[in-house]
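>>> the following comprises the amino acid sequence and a computationally predicted model.
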Amino acid sequence: MKTKRIFMALLAVIILLTSAGVTFQPAQAANCSSYHVVSRGQTLSWIGRYYGVNWKYLADINNIPSPYRIYPGQRICISGGGYTNYYPNYYPTNTEWSYVVTSVERDVSVTIKTANFPDNVLFEVSIGRKQSGKMNWMKVADLDSDRGGSFKAAFDIPDEFAGASTLSIKLVQAKKNKSVVRSFSNASYSPGTGGPYYPYYNYGNYYYGTIPTIWIQSVVRDSTVTIRTANFPSGTDFQVLMGPMGSAGVGGYYVTTFNSGAGGAMTLTFNTPPQLYGSHRIAIRTQNLWSGYYSYNWFYNNTTN
């Protein structure tokens with residue numbers, strides 16, 4: 001009888017913990033370097049879009065089983081330092097927000113269409129042109145993503161840029177320092193008029209079932225980092241981002257874009273962004289938004305021999 005009472009007491013505790021949203025940290029998340037505190041109404045899918053990671057990856061490293069319920073106040077591990085492995089059957093997927101230019105009225109306005117936008121997030125919108133070798137940006141609006149997802153928005157082209165042949169539009173996600181830039185021809189066009197609608201993106205030849213990874217080979221403090229790739233798909237454009245340790249490079253400073261060529265293994269060297277000079281550790285990320293392929297790693301900002 002006593003044993004039965006003990007069992008029932010333990011069962012009651014377990015039910016109470018479960019209903020309160022308390023979960024036990026798995027091995028992967030025990031050394032987590034970046035957390036998100038869940039707010040009311042948020043889901044794993046929303047958090048994944050916000051940070052640019054796959055929601056199934058979040059469920060896995062946080063030991064959240066189906067039906068993947070999370071609760072307000074719960075801490076969700078976003079990334080662990082140096083953790084580079086992702087799961088092949090989660091690809092391809094595009095979990096990061098992006099947009100394309102869909103139409104332009106010369107010297108008047110530019111219209112974009114979004115994809116995977118988080119809801120209720122503020123974006124700063126700027127339009128710019130290259131002058132004397134440098135980009136001259138002018139803020140034109142603050143964009144509230146409202147319900148997020150996919151929607152269209154139009155922005156006025158500043159009078160100062162009238163007559164320019166090529167312009168760029170930049171959206172910066174508030175508080176995340178993540179930006180996406182699209183260039184467009186300052187000529188009137190829209191769907192069905194012969195002008196571009198969705199620009200061409202190189203999808204490449206993807207090796208389904210493999211995981212692209214990057215490894216650090218050498219570092220020159222506050223100058224460069226050299227990486228070695230493995231299992232990269234061929235003919236694919238990858239953005240390179242660097243950010244603070246624990247960010248997995250998500251929302252980091254844009255460094256450059258490279259094409260993977262024949263794919264597989266490559267040795268590549270990139271400049272360290274000046275904004276990260278003096279950092280103790282730096283995260284580096286390579287990503288192709290439209291295929292969903294991405295990898296990240298981190299390094300000590302010290303010169304290696």
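Received it, and whenever you're ready, just let me know what you need.

>>> give me the neighbour count for the residue nearest to Ser223 when sequence neighbours are not counted.
Nearest in space to Ser223, with sequence neighbours left out and distances taken as Cβ to Cβ, 6 or more residues apart in numbering, is Thr272 at 6.0 Å. Just so you know, the C-beta spots here come from the backbone N, C-alpha and C atoms, and that holds for glycine as well. Look at Thr272: counted by other Cβ atoms under 10 Å, it has 22 neighbours.

>>> try Lys56
19.

>>> state whether it is indeed within a strand.
No. Counting by DSSP: H, G, I helix; E, B strand; the rest coil, Lys56 is not part of a strand but helix.

>>> correct me if wrong: the residue nearest to Ser223 contacts Val240.
No. Using Cβ atoms under 8 Å, Thr272 makes no contact with Val240, being 11.0 Å away.

>>> surely Ser45 is in contact with Tyr57?
No. Here Ser45 lies out of contact with Tyr57, judged by Cβ under 8 Å, at a distance of 11.8 Å.

>>> show me which of these two is the more surrounded one.
Taking neighbours as other Cβ under 10 Å, Ser45 and Tyr57 compare with Tyr57 leading, 21 against 14.

>>> state the distance from Leu58 to Leu241.
19 Å (Cβ to Cβ, to the nearest Å).

>>> just Val255 next, same as before
Counting by Cβ to Cβ, the gap from Val255 to Leu241 is 6 Å.

>>> for these two, indicate the residue with more neighbours.
A direct count of neighbours by other Cβ under 10 Å for Val255 and Leu241 places Leu241 higher, at 26 against 19.

>>> so in terms of bridging, what pairs with that one?
Leu241 has these beta-bridge partners by DSSP bridges: Tyr254, Arg285.

>>> please parse the protein into its domains.
The chain is divided into the following domains under automatic domain parsing: 2-80, 98-185, 213-300.

>>> mean pLDDT for those domains - can I get that in a markdown table?
Output for the domains of the chain, formatted as a markdown table (pLDDT from 0 to 100):
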| stretch | mean pLDDT |
| --- | --- |
| domain 2-80 | 67 |
| domain 98-185 | 87 |
| domain 213-300 | 87 |
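
>>> residues in contact with the residue nearest to Ser223?
Shown in contact with Thr272 (Cβ atoms under 8 Å, 6 or more residues apart in numbering): 222-225, 242, 282, 301.

>>> after whichever strand or helix holds Val219, next one along is what?
Assigned by DSSP states H and E, Val219 belongs to strand 213-220. Of the helices and strands lying after strand 213-220 in sequence (DSSP H and E), the nearest is strand 224-230.

>>> run through who's touching that following strand.
By Cβ under 8 Å, 6+ apart, the residues outside strand 224-230 that reach it are 212-219, 242, 260, 264-272, 282, 284, 286, 295, 297, 299.

>>> for that strand, output the C-alpha coordinates as CSV.
The C-alpha coordinates for strand 224-230 follow below in CSV (Å, rounded to 0.1, in the frame of the first residue of the first chain):
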residue,chain,number,x,y,z
THR,A,224,41.0,36.5,-41.9
VAL,A,225,39.7,33.0,-41.3
THR,A,226,40.3,30.0,-43.6
ILE,A,227,37.8,27.2,-43.7
ARG,A,228,37.6,23.7,-45.2
THR,A,229,34.3,22.5,-46.6
ALA,A,230,32.9,19.0,-47.0
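
>>> that strand pairs with which strands, and in what direction?
Its sheet considered, strand 224-230 pairs with strand 213-220 (antiparallel), strand 267-271 (antiparallel) by DSSP bridges.

>>> let's have those in CSV, adding mean neighbour count.
As requested, the strands paired with strand 224-230 are exported to CSV (neighbours: other Cβ atoms under 10 Å):
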stretch, mean neighbour count
strand 213-220, 17
strand 267-271, 14
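
>>> which of those sits closest to Leu122?
Among those, strand 267-271 comes nearest to Leu122, with 30.1 Å by Cβ to Cβ.

>>> which residues does that closest one contact?
217, 223-229, 240, 242, 255-256, 258, 284.

>>> apply 10 Å and report the result again.
214, 217-218, 220, 222-229, 238, 240-242, 255-256, 258, 260, 284, 286 (Cβ atoms under 10 Å, 6 or more residues apart in numbering).
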